[in-house]
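> The sequence and its predicted three-dimensional model are supplied below.
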Amino acid sequence: MKTLSYKTLEELNYDGYLLKEAPERVLQFGEGNFLRAFVDYFIDVMNERAGFNSKIVLVQPIEGGDRIRQFINEQEGLYTLLLRGNENGRKVNDKRVISSVSRCLNPYNEYEEYMACAQNPDLRFIACNTTEAGICYDESCQFEDRPASGYPGKLTQFLYARYQKFGAEEGKGFVILSCELIDNNGKELEKCVLQYAKQWNLGDDFTEWIRKENIFCSTLVDRIVTGYPAKEADAICEELGYRDNVIDTGEVFGFWVIEGPESLKEELPFEKAGLPVLITDDHKPYKQRKVRILNGAHTSMVLGAFLAGQDIVRDCMKDGVIRGFMNKTVYEEIIPTLDLPEQEVADFAEAVTDRFNNPFIDHALLAISLNSTSKWKARVMPSFKGYVEKYGKLPKCITASLAFYIAFYRGVRLDGDGFTGLRGEEEYAIKDNRFILEFYYAHRGDDSRAIAEAVLSNTEFWGEDLTRYDGLVEKVAADLQVIEEQGAYELMRRYR
């Protein structure tokens, strides 16, 4: 069986859409599963239906992990996307070869080739998803770094190279589509870029060009993406007739809200292509609904469910205790804090449960657990604070989710390969920023009260001291005691 390439597809008489040659008009920071099943898919469809005629250059945002980049380049940017789920009462299993990607670069060992993209006059759009932890200002980043370690630093270097090439020429800035799950993601990214421009003394003219010629769009992204289907890959490739090492999978549902000027509708003809992409002057109501309910349900439930013995989301929905805990969290503690029409959010919450039940998706809880510290802050903490403000008391389920988070992060071994936790006799990987893993390792011997106080008072995690909330330390410590003595499932059972 041959590795996926144009030649292989031609030999197989593939009759789907393929874009072989087009200008590279999009630079994308992130080569992972989500962007390839979301942004790259939408652009691929837009190429086919609306003549967008654009290729995407993928940029690996972090050092190491070259395997995906190598596979993408070996396959000439091609990969198979499977979108599966329920749509209008019927099961859907769509397969599409995505041909919108041209290549993938590693800026750590291909720096000159990566920076050369700034010289391309056709380049107009930048997309990114570097996780919630990716958009942050780190003053240790230097202009001379090749490249800067953080994404905003890399972007500032790239923008400056663009400015040096084209000066203040109108239309040579970028439309920047930030897909990270933090509030006002585009605006926060712009703040970081402007901070670096100032720190690195790049000049007032460059700062003015950033503001005038570049559009930093805050966006909402919504699609559950499950990535490479390891257990099914051989069977899928056999059916396809070729070997695809970067097959991607996700749900059929997809929705993208982009906050930007009306003129973007002409530059990005999503509507002409019939795609579920909304360009609006205010993305916040849509984002609040999605992040608080869908992502908040994930983050508040999955770590406890994993400790309770589950491995995928769909199986969690079959367990009355876990599903009951999630529903109580959503309907009694999250929805009451939202300033949106009650029926609208209730309908959305019901759809979320259906999406979690997708029969085609094995959404691994460990995959969702990546960077849970910043995820809890972005996805759950606003509901926690809103509930306390509205009712003057702690939300039981959301508070329990903090205990599940701490229990999950109580690892036993930290080495060069990462941080390892134990679920009974079984080891699992805890993945987060190194300083967070080192914190938990340093506190691995703390009792329930001590670890609760240490975590909740860590302003580097939360941006504030959470011990100021009356009774929170005591409640989290008590919940941790239940988890340690009777298990996570018992704590869920008490609160469902």
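Nice, thanks for sending it over. Quick caveat, the model's predicted, so the values are computed rather than measured.
> Would you check how far apart residue 421 and residue 450 are?
18 Å (Cβ to Cβ, to the nearest Å). (Each C-beta comes from the backbone N, C-alpha and C, glycine too.)
> These two: which has the busier surroundings?
Legend: neighbour count by other Cβ atoms under 10 Å for residue 421 and residue 450, higher for residue 421 (20 against 13).
> Tell me the spatial nearest neighbour of residue 367, not counting adjacent residues.
residue 227 (7.1 Å; Cβ to Cβ, 6 or more residues apart in numbering).
> can you pull the contacts of the one you found?
Counting by Cβ atoms under 8 Å, 6 or more residues apart in numbering, residue 227 makes contact with 32, 33, 37, 248, 249, 367.
> try it again with 7 Å
For residue 227, the contacting residues are 33, 248, 249, by Cβ atoms under 7 Å, 6 or more residues apart in numbering.
> Go through those residues and flag which are in helices.
residue 33 (DSSP state H).
> which one of the contacts of residue 227 sits closest to residue 462?
Set against residue 462, the nearest of the contacts of residue 227 by Cβ to Cβ is residue 33 (28.0 Å).
> Correct me if wrong: that closest one contacts residue 248.
Yes - if you go by Cβ atoms under 7 Å, residue 33 and residue 248 touch, sitting 5.4 Å apart.
> neighbour count winner among those two?
residue 248 (25 against 20).
> and the gap between the residue nearest to residue 367 and residue 442?
Distance from residue 227 to residue 442, by Cβ to Cβ: 32 Å.
> residue boundaries of the strands in the stretch 251-400 of the chain?
255-259, 277-280 (DSSP state E, counting those that start in this stretch).
> same question, the stretch 101-250 of the chain
Going by DSSP E, counting those that start in this stretch, the stretch 101-250 of the chain shows strands at 101-105, 125-128, 175-178, 215-222, 248-251.
> Residue ranges in the stretch 51-200 of the chain under the pLDDT threshold?
88-89, 132 (pLDDT under 70).
> Contacts only, for residue 352.
Shown in contact with residue 352 (Cβ under 7 Å, 6+ apart): 293, 294, 297.
> repeat for residue 194
207, 210.
> so how far is residue 207 from it?
6 Å.
> Check residue 449 too.
From residue 449 to residue 207 the distance is 49 Å (Cβ to Cβ).
> just residue 34 next, same as before
32 Å.
> Those two: which has the busier surroundings?
Under the criterion of other Cβ under 10 Å, the comparison of residue 34 against residue 207 puts residue 34 first, with 20 against 14.
> Can I get stretch 23-39 as PDB, trimmed to CA atoms?
Taking Å, rounded to 0.1, in the frame of the first residue of the first chain, the C-alpha atoms of stretch 23-39 are listed here in PDB:
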ATOM      1  CA  PRO A  23      -0.200  30.600  -4.100                       C
ATOM      2  CA  GLU A  24       0.700  30.200  -0.400                       C
ATOM      3  CA  ARG A  25      -1.700  32.800   1.100                       C
ATOM      4  CA  VAL A  26      -2.100  31.400   4.600                       C
ATOM      5  CA  LEU A  27       0.500  30.800   7.300                       C
ATOM      6  CA  GLN A  28      -0.700  28.600  10.100                       C
ATOM      7  CA  PHE A  29       1.000  28.300  13.500                       C
ATOM      8  CA  GLY A  30       0.000  24.800  14.600                       C
ATOM      9  CA  GLU A  31       0.200  21.500  12.600                       C
ATOM     10  CA  GLY A  32      -2.000  19.600  15.000                       C
ATOM     11  CA  ASN A  33      -5.200  17.700  14.700                       C
ATOM     12  CA  PHE A  34      -7.600  20.500  15.500                       C
ATOM     13  CA  LEU A  35      -6.500  23.100  13.000                       C
ATOM     14  CA  ARG A  36      -6.200  20.500  10.200                       C
ATOM     15  CA  ALA A  37      -9.800  19.300  10.800                       C
ATOM     16  CA  PHE A  38     -11.100  22.900  11.200                       C
ATOM     17  CA  VAL A  39      -9.400  25.800   9.600                       C
END
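> buried stuff in it?
24-39 (16 or more other Cβ atoms under 10 Å).
> Could you count how many residues lie near the nearest residue to residue 463 once chain neighbours are set aside?
Leaving out its chain neighbours, the residue that sits closest to residue 463 by Cβ to Cβ, 6+ apart is residue 377, at 7.0 Å. Using other Cβ under 10 Å, residue 377 has 20 neighbouring residues.
> Tell me the spacing between residue 377 and residue 430.
Residue 377 is 17 Å from residue 430, by Cβ to Cβ.
> Please apply the same query to residue 368.
Distance from residue 368 to residue 430, by Cβ to Cβ: 13 Å.
> How about residue 340?
34 Å.
> Burial check on the residue nearest to residue 241 when sequence neighbours are not counted, number of neighbours?
Closest residue to residue 241 apart from its sequence neighbours, by Cβ to Cβ, 6+ apart: residue 12 at 5.2 Å. Neighbourhood size, residue 12 [other Cβ under 10 Å]: 12.
> which residues sit in contact with residue 215?
175, 176, 260.
> Over to residue 242?
The contact partners of residue 242, taken as Cβ under 7 Å, 6+ apart, are 1, 2, 3, 4, 8, 12.
> can you check residue 76 too?
Residue 76 touches 5, 6, counting by Cβ under 7 Å, 6+ apart.
> Recalculate using a threshold of 10 Å.
By Cβ atoms under 10 Å, 6 or more residues apart in numbering, residue 76 lies in contact with 3, 4, 5, 6, 7, 8, 9, 20, 99, 101, 102, 103.
> so residue 230 makes contact with residue 245?
No - with contacts counted by Cβ atoms under 10 Å, residue 230 stays clear of residue 245, the gap being 11.2 Å.
> hang on, the earlier thing: with the buried residues of stretch 23-39 in mind, which one is nearest to residue 214?
Among the buried residues of stretch 23-39, and counting by Cβ to Cβ, the member closest to residue 214 is residue 27, at 12.8 Å.
> Nearest spatial neighbour of residue 332, chain-adjacent residues omitted?
residue 397 (7.5 Å).
> Can you read off the pLDDT for the nearest residue to residue 420 once chain neighbours are set aside?
In space, residue 420 comes closest to residue 413 once its chain neighbours are excluded; the distance is 4.4 Å by Cβ to Cβ, 6+ apart. On pLDDT, residue 413 comes in at 95.
> right, and residue 413 touches residue 441 too?
Yes - counting by Cβ under 10 Å, residue 413 touches residue 441, with 8.3 Å between them.
> who has more neighbours, the two?
residue 441 (19 against 13).
> buried set for the helix or strand encompassing that one?
If you go by DSSP states H and E, residue 441 is part of helix 434-442. Within helix 434-442, the residues that qualify as buried are 436, 437, 439, 440, 441, counting by 16+ other Cβ under 10 Å.
> what residues are up against residue 429?
Contact analysis of residue 429 by Cβ under 10 Å, 6+ apart lists 366, 369, 370, 411, 417, 418, 419, 420, 421.
> can the residues you listed go into TSV with extra columns for distance to residue 55?
Listed next are the contacts of residue 429 as TSV, based on distance: Cβ to Cβ, whole Å:
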residue	distance to residue 55
366	33
369	34
370	29
411	42
417	36
418	35
419	38
420	40
421	41
